[in-house]
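1. here's my sequence, what's the structure:
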Amino acid sequence: MTTARIARRTRSTSESSVELELNLDGTGRSTISTGVPFFDHMLTAFAKHSLTDLTVTATGDTHIDAHHSVEDISIVLGQAIREALGDKSGISRYGDALVPLDEALAQAVVDISGRPFLVHEGEPAGFELHLIGGHFTGSLVRHTFEALAFNAGLTMHVRVISGRDPHHIAEAEYKALARAFRQAKALDPLVEGIPSTKGAL
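-> Below you'll find the model as predicted:
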C-alpha cells in the first residue's frame, strides 16, 4: 500500500505569512491566492502541468515589492515537496521536458537527487529587469527556482532556448519545470526501493 504523498506547511515572518498544502498524486487542481497575480498564474500552471494538487494562501508586504512573498512561498513549496516525497522509494527520479509557448521555448531537467543545485540560463538580456504584468520582476523566476531546488533537494537545469515576450518566456519556464517534475516524482512500478546505488536520496 502506497503512503499518501501529502504535505502541509506554514511560514510566518515580518514580511509574509504563508499556508500551503499539496498532494503529489493529485490531478492538478489548485486554489492559489498569493497577492501577486502573475505568480498566482505561474503556480496554477505548475500545479496543472505537474499533476500536483496545490493550495496556497499568502499575504505579504507586496506594497513594497513582490520579492518577499514570492521567495517565501517558493521556500515553503520546496519544503512541502521534500516532505511529501518521503524517502523517495519507487519514484522515477528523473524528468525532462521541452515546452513551447508561441515564440518561446524552454527546457527543464529535474533530478530528485537530494543534492540541491540549479543551472539556469538563456533568458535574454534585460529579462530580469522587466515587470511582467507591471508587478512581477523577471528576476523572480530564478529566485523561485533557487528556492525550490534548495528546499526540495532537487537538481534542476532550466534553459530558455528561444523567446522574446517576457510573459511567454517565464510561463514556458514554469511549465517546463512542472512537466519535468511530473515525470521525476511519478511512481514507477518497475522501481524497487530507492532509485540510487547509494540506497538513499
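
2. in space, what's closest to the residue nearest the centre of the chain - neighbours in sequence excluded?
-> By Cα atoms, centre = their mean, the mean C-alpha position of the chain lies nearest to Leu148, the distance being 5.8 Å. Nearest residue to Leu148 in three dimensions, chain neighbours excluded: Gly78, at 4.5 Å (Cβ to Cβ, 6 or more residues apart in numbering). The way it works is simple: take the backbone N, C-alpha and C, and place the C-beta from them, glycine included.

3. for burial, what's the neighbour tally of that neighbour?
-> Number of residues near Gly78 (other Cβ atoms under 10 Å) recorded here: 23.

4. which strand or helix spans it?
-> Here Gly78, judged by DSSP states H and E, is contained in helix 67-85.

5. helix, strand or coil for the residue nearest to the centre of the chain?
-> helix (DSSP: H, G, I helix; E, B strand; the rest coil).

6. one more: Asp40?
-> helix.

7. that one touches Ile32, doesn't it?
-> Yes. The pair Asp40 / Ile32 is scored as a contact, 4.6 Å apart, by Cβ atoms under 8 Å.

8. does the residue nearest to the centre of the chain touch Ile81 like I think?
-> Yes. Between Leu148 and Ile81 there is a contact under Cβ under 8 Å: 7.3 Å.

9. list residues touching both of those two?
-> Leu154 (Cβ atoms under 8 Å, 6 or more residues apart in numbering).

10. wait, Asp188 touches Tyr94, no?
-> No. Applying Cβ under 8 Å, one finds Asp188 not in contact with Tyr94, separated by 10.3 Å.

11. neighbour-wise, which of these two wins?
-> Between Asp188 and Tyr94, counted using other Cβ under 10 Å, Tyr94 has the larger neighbour count: 15 against 12.
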